[in-house]
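[1] Generate a structure from the sequence data that follows.
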Amino acid sequence: NYIFHFKKEIVSYCKNDVTILRRACLAFRKMFIKCGNVCPFEESTTIASACSRVYRKNFLQKNMIGIILTGGYRWGQNQSRKAISWLTWMKHELGHIIAHAGNGRETRLPEGVLVDGYYEEIIDGAVIKHVLQFHGCYWHGCPRCYTVNRTHGISTDTMDARLERTQFITAKIESAGYILTEMWECDFDRILISREDMRIFLENRPEVSRKPLNPRDAFYGGRTENMESLYDVKANEKIHYVDVCSLYPYICKTGKFPVKHPTIYVGEECRKLTGSSGVEIDKVEGLVYCTILPPRMLYHPVLPVRMHGKLMFALCRSLADEIRKAVIVGYKIMNIYEIWQYEMTQYNPEAKEGGHFTEYINTFLKIKQEASGWPSDCIDNEELKMRYIDEYEQMEGIKLDPQKIYINPGLRAVSKLCLNSFWGKFGQRENLPKVEIVTTRNRLIQLLSSNEINVISILPVNDDVLYVSYICRDENLTSSPITNVVIAAFTTAQARLKLYEYLERLGNRALYCDTDSCIYVSGNSPNDYDPPTGKLLGDLTNELTCYGDGSYIESFVSAGPKFYAFVVRKPDGSTTEVCKAKGVTLNFANNKLINYRSVRELVTNELDISIVLCFDAIKRTKFHNVVTSTERKTCKQTFDKRRRENSYGSLPYGYCNL
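    Numbering: from 1, shown residues only. A predicted model of the protein is given here:
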């Protein structure tokens, strides 16, 4: 006889929802203040920025992580390719060797002025000193290209101030007795258009066509690919699914990372590190810009190069560690053009010290481990509990508090998020869109007519308010004080090498890999390598344990990266099907369409059409409204990271049996 009063119940439900959220937010805030003296709601807007602030506020040592110049170190003084092109042409026309950023270093005069180009000649026994200056119109306030708003700017600098500074430097150089040759960017553009001989000459000059090392070119994500599309176990075979325990936190704690700023070696200077051969990299620690030739018979390639969304091999900018491994497995270095040589820091497991991020990782790893509860083998045994605490301290250098060791899924999830969300902030792009709330006409006109930004969208909110989105012009970008893409590149490269340790030994028994996990076949031979598993940070863990000890996969199928399914055989003889599809919530309705059988039919071409899912999704519109809309997602087989071999196997692009 219970009467369900909908209006009353929905109000009660919403109140409880808000109460739970409020209490969760308070607990979350309390944890961050206790661990890092940071209020995540006042001092940040995302979990990544909150983690970054905790690190910078509590664990970052002074002068240990360098802030990379926007243009890099070689062209860091905003040397453009146009400037290098002009200086290269002047060298060709004049017949003199000109020192500039394209062939080594810019020259700093005794008067303290850094100049774009410099050379000397001797005439009648007298040394004549020549200075060449290329003036980028934006950076030097060209009065012909920038005729309006010359006294205003979003930054503290103005076009008039830039021109005045340029004229002052010009006068200083000439008064010191140097012969000065100047070229404005707009004048050079006009000359280049009219001179075909100049264009042809510059197109074939390596110092012009080859850009300086860009550290972001060495920053790649994890390795995700399927080596086999379909595999059913044969007699005595089993398919295993293993995962590296907290791979990125493990790398952040135990990996090696660059310290301060690098020493830059360009061209022939690289031989100071690479020896007379020019290709030995044993002494190199950092980034290398080189041409490298991959072997033709390597089943698992080492070096990633992103071209048109596919894995190719060409000019390579990569970390020395990855290149060292590549050389070991058969890659051949052809030329080295530039090296960023760093001092390194790394955690010492014996002394329990060293490394950039050890203390940060230990802080949240302790919380995660305590919130995971006691291991199953020591729940009711005090002696085993104490042994567990002692062994963990010995291995990880972390003293667990037995009073805090109990299962707390929420706290464990938050601490795990803090461990995994931390490092990515170092790789954040510098020119992210910014949004400004504009309420006056003058401010809107100032933004629209600014020489320093590009407005990308304007959203009217009401009659009095606009949302204006804009990005900085490339010329006006400044270095971010909280990023260092080299550290991000080191993190992902060492993570890829950790996974490669297992792929290399498994060979063609590896069926699938995804960043920190691997699915492979065992049982063909008693001498086959089986990766060992463990429970500590960086150890492999068995992902099938949740189905019972001794469970294994008897059939695996993959329609592409992050789109796979398999059948698990449990110890009691029963089976269960598991399906994973990126971007798809596999609820009851979707499971009818996306499952082991349908994925297998896609791969075997029994199903010759794509699978289309329709589902409701909650989205935010550009007007900041939250709406529920019907979404469509098409699932189909993709296989573009490797080339097909036989029915369901694959080989890397470029593989050849010699």
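[2] quick one: A559 and V603 touch, right?
    Yes: if you go by CB atoms under 8 Å, A559 and V603 touch, sitting 5.6 Å apart. In short, each C-beta sits where N, CA and C put it, glycine included.
[3] shared neighbours, the two?
    Common contacts of A559 and V603, defined by CB atoms under 8 Å, 6 or more residues apart in numbering, comprise S229, Q637.
[4] buried residues in stretch 86-99?
    Of the residues in stretch 86-99, W86, L87, T88, W89, M90, K91, I98, A99 count as buried by neighbour count, 16 or more other CB atoms under 10 Å.
[5] Name the nearest of those relative to R569.
    When the buried residues of stretch 86-99 are ranked by distance to R569 (CB to CB), T88 comes first, at 66.5 Å.
[6] Could you pull out the strands in the stretch 501-650 of the chain for me?
    All strands of the stretch 501-650 of the chain, identified by DSSP state E, counting those that start in this stretch, fall at 510-514, 517-522, 540-542, 552-560, 563-569, 575-581, 611-620, 626-635, 643-645, 649-651.
[7] quick one: T545 and Y552 touch, right?
    No: using CB under 8 Å, T545 is not in contact with Y552, being 11.2 Å away.
[8] So which of these two has more stuff around it?
    Y552 (21 against 12; other CB atoms under 10 Å).
[9] closest one to G330 among the strands of the stretch 501-650 of the chain?
    Smallest distance to G330 across the strands of the stretch 501-650 of the chain (CB to CB): 15.2 Å, for strand 649-651.
[10] helices or strands up against the closest one?
    strand 643-645 (3 or more CB pairs under 8 Å, 6 or more residues apart in numbering; DSSP states H and E).
[11] Parallel or antiparallel, which strands does the strand it packs on pair with?
    strand 649-651 (antiparallel) (DSSP bridges).
[12] Would you mind listing the buried residues in the strand it pairs with?
    S650, L651.
[13] Tell me which residues are up against it.
    N226, M227, E228, S229, Y299, N508, F639, R642, R643, R644, E645.
[14] Using JSON lines, lay out those together with neighbour count.
    JSON lines is the format used below for the contacts of strand 649-651 (neighbours: other CB atoms under 10 Å):
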{"residue": "N226", "neighbour count": "28"}
{"residue": "M227", "neighbour count": "27"}
{"residue": "E228", "neighbour count": "22"}
{"residue": "S229", "neighbour count": "25"}
{"residue": "Y299", "neighbour count": "16"}
{"residue": "N508", "neighbour count": "15"}
{"residue": "F639", "neighbour count": "17"}
{"residue": "R642", "neighbour count": "19"}
{"residue": "R643", "neighbour count": "12"}
{"residue": "R644", "neighbour count": "11"}
{"residue": "E645", "neighbour count": "14"}
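[15] with those residues in mind, which one is nearest to A218?
    The closest of the contacts of strand 649-651, once distances to A218 are taken by CB to CB, is R642, at 22.6 Å.
[16] what residues are up against the closest one?
    E225, M227, L311, S650, L651, P652, Y653 are the contacts of R642 under CB under 8 Å, 6+ apart.
[17] One more pass at 7 Å, please.
    E225, M227, S650, L651, P652, Y653 (CB atoms under 7 Å, 6 or more residues apart in numbering).
[18] Look up how far S517 lies from it.
    18 Å (CB to CB, to the nearest Å).
[19] And I323, by the same measure?
    The value you get for I323 to S517, if CB to CB is used, is 25 Å.
[20] For this structure, give me the ranges with low pLDDT.
    Counting by pLDDT under 70, the chain shows low-confidence ranges at 74-79, 103-105, 153-156, 307-318, 658.
[21] related to what we said a few turns ago, give me the more crowded residue out of I323 and S517.
    Shown here are I323 and S517; by other CB under 10 Å, I323 has more neighbours (23 against 19).
[22] The strand or helix carrying that one: what's the following helix or strand?
    For I323, the host element (DSSP states H and E) is helix 320-328. Sequence order places strand 332-346 as the next helix or strand after helix 320-328, per DSSP H and E.
[23] So M90 sits against I98, correct?
    Yes: shown here, M90 and I98 form a contact pair, counting by CB atoms under 7 Å, at 6.3 Å.
[24] Give the residues shared as contacts by those two.
    Common neighbours of M90 and I98 (CB under 7 Å, 6+ apart) are G117, L132.
[25] the more surrounded of A559 and V603?
    Neighbours were counted for A559 and for V603 using other CB under 10 Å; A559 has more, 25 against 21.
[26] Contact partners for the more buried one?
    Applying CB under 7 Å, 6+ apart, the residues contacting A559 are V599, L602, V603, Q637.
[27] what residues are up against the first one?
    So the one you mean is V599. Counting by CB under 7 Å, 6+ apart, V599 has contacts V557, A559, A565, C579.
[28] May I ask which of the residues you listed has the most neighbours?
    V557 (28 neighbours).
[29] Name the residues linked to it by a beta bridge.
    Counting by DSSP bridges, the residues bridging with V557 are L230, A565.
[30] who are the neighbours in contact with it?
    So V557 contacts S229, L230, Y564, A565, Y596, V599, R600, V603 (CB under 7 Å, 6+ apart).
[31] the helices in the stretch 51-200 of the chain, which residues?
    81-94, 137-140, 159-175, 185-194, 196-203 (DSSP state H, counting those that start in this stretch).
[32] Surely N451 and V148 touch.
    No: counting by CB under 7 Å, N451 stays clear of V148, with 8.6 Å between them.
[33] What distance do you get for Q403 to K385?
    12 Å.
[34] More neighbours: these two, which one.
    When Q403 and K385 are compared on other CB under 10 Å, the one with more neighbours turns out to be K385, at 17 against 7.
[35] Just to check, that one is in contact with D377?
    No: the criterion here is CB under 7 Å, and K385 misses it with D377 at 10.2 Å.
[36] on that earlier part again, and N451 and V148? Which one has more around it.
    N451 (19 against 9).
[37] which residues touch that one?
    Each residue near N451 by CB under 7 Å, 6+ apart is listed here: Y138, Y146, N149, M159.
[38] and it, what are its phi and psi?
    Per-residue torsions, N451: phi -80, psi -10 (degrees, to the nearest 10).
[39] And it, how close does it get to R150?
    9 Å.
[40] Out of the contacts of N451, which two are the most distant from each other?
    Going by CB to CB, the pair spanning the contacts of N451 furthest: Y138 and N149, at 12.8 Å.
[41] Name the residue in these two with the higher neighbour count.
    Applying other CB under 10 Å to Y138 and N149 shows that Y138 carries more neighbours, namely 20 against 16.
[42] Not counting its neighbours along the chain, what's nearest that one?
    Spatial nearest neighbour of Y138, chain neighbours left out: E475 (4.5 Å); criterion: CB to CB, 6 or more residues apart in numbering.
[43] and the gap between the one you found and S457?
    21 Å.
[44] who has more neighbours, these two?
    E475 (15 against 11).
[45] just checking, the more buried one is part of a strand?
    No: under DSSP: H, G, I helix; E, B strand; the rest coil, E475 falls outside any strand and is assigned helix.
[46] Next one: it from S80, what distance?
    According to CB to CB, E475 stands 9 Å off from S80.
[47] in stretch 508-528, what's buried?
    Within stretch 508-528, judged by 16+ other CB under 10 Å, the buried ones are 509-523.
[48] What are the neighbouring residues in contact with N476?
    N476 makes contact with E452, according to CB under 7 Å, 6+ apart.
[49] Quick check: the gap between the residue lying closest to V327 once chain neighbours are set aside and L114.
    Excluding the flanking residues, the one nearest V327 by CB to CB, 6+ apart is I333, at 6.7 Å. Here the criterion is CB to CB. By it, I333 lies 33 Å from L114.
[50] So which of these two has more stuff around it?
    I333 (20 against 11).
[51] so the more buried one bridges to which residues?
    Beta-bridge partners, per DSSP bridges, of I333: I292.
[52] And this protein, what are its domain boundaries?
    81-209, 434-476 (the TED database).
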